[in-house]
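**Q** Sequence and predicted structure below; questions after.
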Amino acid sequence: MIVGLLTSIPAAPNALADDYARIGGTIDFSAYKGPNAVPQPQSHRTYRFQCTVGSRKWTILSKFLANAVEYFSFDGTNVYRVLEYTALATNGTAKPAAAFSTESVEQLNSSKFLTISPGPLPLQDAGVNFPWLAFCSGEYLKSENRLIPLLICDTRHRPTAFGYDDVTEVFEDERRLPRALQLMESRKRFAESPKDERLFGDVKGRAANFKPVEGRIAFTYNVDETTNYHGSALPIAFHCDQYSYSPAGELDTHIVGSGKVLSITESGEPDTNPFGKEPAYRVIDFRFKNREKFVDSIMYTWTNSALPRTDEQIPQKEWKRTLERRR
């Protein structure tokens, strides 16, 4: 059943948040540069997304990158990302990893890149971070001591990603998705953020480029319209604003984002296991890291259909080899 924008799926008797929904729509980003109002954005990107969401598992398909489709899934423990190239890199919005590759698109996709990241946060680009906040963040927002990272950026590369306090209002239902959210700069959290193990170790050297002002608003998110899906609110129109500042305190970039849902379909539980669908994967595994030796992850080839355990021979061999090289 497809939910129109002005209709809803009413709650069934004893409906639970694990009533999965498949959501399709579009997201639009515009970036404005400089301290003064600019009538035309410096850059603009519109892309399609699809989510399948319940309470504890989710998948997101993002077409944010110009030359690749990203497939994300969360199984309750790890976030997985599979990259499928559609073209080789030709411009700044394309995936950089292919820019210097000597492989063809077919060769790149014959052994796809697959990222394993522990925890519920995508920690990737705006293309997945924004729909994650809108549709998949409810369980994370309920967790203790959670920090909401800056979202319209490549999170792992941002030294101040976890440098913010938040004020969050959620819908009072089972899913508890955000209705409104503000991220505000915090001097204390700015100082702690570069040490966060979820970020790349080399971000520490760039932290000095950011000068926080206590309480200054960096990000806002608001839901404009919702529909009722089995007794819970799902956003069908939402928007955000993100602000970054120069060391002198002037507004440097203002990013405006908006999302629109085009369809909602009832769904079964999503398949969150990415393994076994391709003959082989080039795995980037963030479960292995050593800050002292500047190791953020390891990379190895995996052909089995199950998630590699951290104690299995292939990842352990690569882990030991990586540490040896950093002596």
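**A** Looks like it arrived, so ask away.
**Q** Do you have the strands of the stretch 101-250 of the chain handy? List them.
**A** Remark: strands of the stretch 101-250 of the chain, listed N- to C-terminal, are 112-118, 164-170, 178-185, 217-229, 232-245; assignment by DSSP state E, counting those that start in this stretch.
**Q** quick one: average pLDDT of stretch 281-289?
**A** For stretch 281-289, the mean pLDDT works out to 97.
**Q** what's the offset of the biggest strand by length in the chain from the middle of its chain?
**A** Selection of the longest strand in the chain by residue count, based on DSSP state E, yields strand 251-266. Distance, stretch centre to chain centre, for strand 251-266: 14 Å (CA atoms, centre = their mean, to the nearest Å).
**Q** Any stretches of the stretch 201-327 of the chain with poor pLDDT?
**A** 204-208 (pLDDT under 70).
**Q** A helix includes Lys320, no?
**A** Yes - the secondary structure assignment for Lys320 places it in a helix, going by DSSP: H, G, I helix; E, B strand; the rest coil.
**Q** i'd like the first residue to be 35 from this point on
**A** Got it, the first residue is 35 from now on, which makes the last one we talked about Lys354.
**Q** Burial check on it, number of neighbours?
**A** When neighbours are counted by other CB atoms under 10 Å, Lys354 registers 11. To be clear about C-beta, it is placed using only N, CA and C from the backbone, and glycine gets the same treatment.
**Q** Now do the helices in this protein.
**A** Secondary structure of the chain by DSSP state H: the helices cover 139-144, 160-165, 172-176, 221-226, 347-359.
**Q** highest average neighbour count across the ones you listed?
**A** Mean neighbour count (mean count of other CB atoms under 10 Å) peaks for helix 160-165 among the helices of the chain, with a mean of 26.
**Q** other SSEs contacting it?
**A** strand 55-67, strand 77-87, strand 92-96, strand 102-108, strand 285-300 (3 or more CB pairs under 8 Å, 6 or more residues apart in numbering; DSSP states H and E).
**Q** rerun at 6 Å
**A** Other helices and strands packing on helix 160-165, by 3 or more CB pairs under 6 Å, 6 or more residues apart in numbering; DSSP states H and E, are strand 92-96.
**Q** hmm, who's touching the longest strand of the chain?
**A** Applying CB atoms under 6 Å, 6 or more residues apart in numbering, the set of residues contacting strand 285-300 from outside is 35-37, 55-67, 69, 164, 186, 270-280.
**Q** Going through those, which ones are buried?
**A** The neighbour-count test (16 or more other CB atoms under 10 Å) applied to the contacts of strand 285-300 identifies 37, 55-59, 61, 63-66, 164, 186, 270-279 as buried.
**Q** could you dump the strands of the stretch 135-284 of the chain to a markdown table with distance to Leu233?
**A** Formatted as a markdown table, the entries for those read as follows, by distance: least, CB to CB, whole Å:
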| stretch | distance to Leu233 |
| --- | --- |
| strand 146-152 | 12 |
| strand 198-204 | 14 |
| strand 212-219 | 16 |
| strand 251-263 | 16 |
| strand 266-279 | 17 |
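**Q** Of all the ones you listed, which one is nearest Thr306?
**A** Across those, the minimum distance to Thr306, taken as CB to CB, is reached by strand 146-152, at 12.2 Å.
**Q** now for stretch 209-224, what's the gap between its first and last residues?
**A** End-to-end distance of stretch 209-224: 30 Å, with CA to CA, to the nearest Å as the criterion.
**Q** list the buried ones in it?
**A** Buried, per 16+ other CB under 10 Å, within stretch 209-224: 209-213, 215-220, 223-224.
**Q** possible to save the helices of the chain as JSON lines with distance to Gln84?
**A** Conversion of the helices of the chain to JSON lines gives the following (distance: least, CB to CB, whole Å):
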{"stretch": "helix 139-144", "distance to Gln84": "20"}
{"stretch": "helix 160-165", "distance to Gln84": "9"}
{"stretch": "helix 172-176", "distance to Gln84": "18"}
{"stretch": "helix 221-226", "distance to Gln84": "33"}
{"stretch": "helix 347-359", "distance to Gln84": "30"}
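**Q** what's the closest of those helices to Arg115?
**A** When these are compared for distance to Arg115 using CB to CB, the nearest one is helix 160-165, at 7.8 Å.
**Q** I'm done for today, thanks for sticking with me.
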